[in-house]
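In: just the structure for this:
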Amino acid sequence: MADVLVLNAGYEPLHRVSVRHAIHMLVREVAVVEEAVDGRSFGPFPLPRVLRLVRYVTMRWLYKTGGAPACTKQGVKRRDGLCGYCGGPAETVDHILPRSRGGPSTWMNLVAACYACNSHKADRTPAEAGMVLYVTPHVPRTEYARAIRHRAARAA
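Out: Sure, this is the predicted structure:
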């Protein structure tokens, strides 16, 4: 088990932490176990899969970013899944408008790519390199927005 989901006191997803950090939160009594791994424990605590904070934490970062998650290489690869040019395994990310030409590192300018396609495209646009982009870049929704929709669907 690599990480533990941490929920706010209102059951909104906040982030993921390591199991070690989760146990520290339980010892300090700032969180309670919402879901545990069956049959496994860590000392007196069940091995957590999901924790919920005891007190509500204001998520100012969510409002500053407009609800968009941070743009990272792992996030882009998770969003696209496969190479945006050939459909092969996504091993890295590529700037659609190259950084050498002022292309920003944003959700709308990054696409997952394999090493071969990334090397072939180099510092050109896909049109200049004669390549077709098979995915449409988009800003993914946050876990927070998905959780709210999921909770609303369950209530209905």
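In: any idea how far residue 42 lies from residue 133?
Out: Taking CB to CB, to the nearest Å as the criterion, residue 42 is separated from residue 133 by 46 Å. Any C-beta I mention is one placed from the backbone N, CA and C, and that applies to glycine too.
In: so residue 52 bridges to which residues?
Out: On the basis of DSSP bridges, residue 52 is bridged to residue 7, residue 32.
In: residue contacts, it?
Out: 6-9, 11, 31-32, 34 (CB atoms under 8 Å, 6 or more residues apart in numbering).
In: of those residues, just the buried ones, ChimeraX syntax please.
Out: Of the contacts of residue 52, the buried ones go into a single ChimeraX selection, burial set by 16 or more other CB atoms under 10 Å:
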select :6,7,8,31
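In: now, among the contacts of residue 52, which is nearest to residue 101?
Out: residue 6 (40.0 Å; CB to CB).
In: and the pLDDT for the closest one?
Out: At residue 6, the model reports a pLDDT of 92.
In: same thing with residue 131?
Out: Residue 131 carries a pLDDT value of 96.
In: for residue 18, see how far away the closest residue to residue 96 other than its chain neighbours is.
Out: Spatial nearest neighbour of residue 96, excluding adjacent residues (CB to CB, 6 or more residues apart in numbering): residue 109 at 5.2 Å. According to CB to CB, residue 109 and residue 18 sit 31 Å apart.
In: comparing those two, which residue is more hemmed in?
Out: Using other CB atoms under 10 Å as the criterion, residue 109 and residue 18 rank with residue 109 on top: 18 against 12.
In: how about the strands in the protein?
Out: Along the chain, counting by DSSP state E, strands occupy 4-7, 13-17, 31-42, 45-53, 92-95, 110-113.
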